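> Sequence and predicted structure are below.
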Amino acid sequence: MAGLDANPSSGKSTRKPHPAIVTFAVLATVLTPFAIIPYVSISRRMTHLSRQLEQLATSTNMMQRSVQTLAHEAALQKELDVMRNEFLALRQSCEHHLTRIESSDVAIRADLSKQASELRQMRKHLDTVHPQLGLSLANIAEFMHEVQLSTGLTSVADKHGVERLRALALRLHQHPHPNTSLSNPRGDT
């Protein structure tokens, strides 16, 4: 036992070195709570942040859909505004044309009224002229007949012309508005 010195003051330690596994186990036992406590709090925080991230993703998707819907609605509103403007322009054009047609209609009605009034006056005038014209034609036919008799030119063709003139004179004198025209008193075509 010469290796063991009974004198502790000699400066040599008599401790046996511990195996490395024991040292590691002691250090692991002491350091594990220091490592686990931050891990647990970070794990909780990560779980909480993960949930928030999922909620944000859901909210972002909903907002994207809302933005797309709003963009679609804005495009529809813009198209509706364009159609409304075209409709208003078309309406104004129709109103303008209607005003022109109405003013033209008023002018046409005034012109028709004026022509109807002139026609009535002309008919009144003809009503007074036809009997006089009939008498005048009868006088002319009588004169032509006397001339033919006095000159001795009584042919069938000439007699027929005098008879037509007499028939026309009689119609004009009896009927103020004859159905046949003056140029064709027999109604021949």
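On my side now, so go ahead. Numbers count the residues shown, from 1 in each chain.
> Using the three-state scheme, assign Lys16.
At Lys16, secondary structure determined by DSSP: H, G, I helix; E, B strand; the rest coil is coil.
> Now do Ser50 against Ile37, distance only.
According to Cβ to Cβ, to the nearest Å, Ser50 and Ile37 sit 21 Å apart. Placement of C-beta: from N, CA and C, glycine included.
> Does anything pack onto the longest helix along the chain? Which helices or strands?
Identified as the longest helix of the chain according to DSSP state H is helix 20-151. Using 3 or more Cβ pairs under 8 Å, 6 or more residues apart in numbering; DSSP states H and E, the elements in contact with helix 20-151 are helix 156-174.
> What is the neighbour count of Leu126?
By other Cβ atoms under 10 Å, the residues close to Leu126 number 14.
> make that Phe34, sorry
9.
> Repeat that for the one 4 residues further on.
Per other Cβ under 10 Å, the neighbour tally for Pro38 reads 9.
> From Thr47, how far off is it?
Taken as Cβ to Cβ, the span from Pro38 to Thr47 is 15 Å.
> now swap in Ala71 and tell me
36 Å.
> Likewise for Glu95?
Counting by Cβ to Cβ - Glu95 and Thr47 are separated by 70 Å.
> again with Ala28
Distance, Ala28 to Thr47, using Cβ to Cβ: 26 Å.
> So for Gln64, what's the pLDDT?
pLDDT, Gln64: 95.
> Tell me who's in contact with it.
Gln64 sits next to no residue when contact means Cβ atoms under 8 Å, 6 or more residues apart in numbering.
> Distance-wise, check it relative to Leu56.
For Gln64, the distance to Leu56 - Cβ to Cβ - is 12 Å.
> same check, this time on Phe34
For Phe34, the distance to Leu56 - Cβ to Cβ - is 33 Å.
> swap in Thr99?
Counting by Cβ to Cβ - Thr99 and Leu56 are separated by 62 Å.
> swap in Leu119?
For Leu119, the distance to Leu56 - Cβ to Cβ - is 90 Å.
> Please apply the same query to Arg91.
Counting by Cβ to Cβ, the gap from Arg91 to Leu56 is 50 Å.
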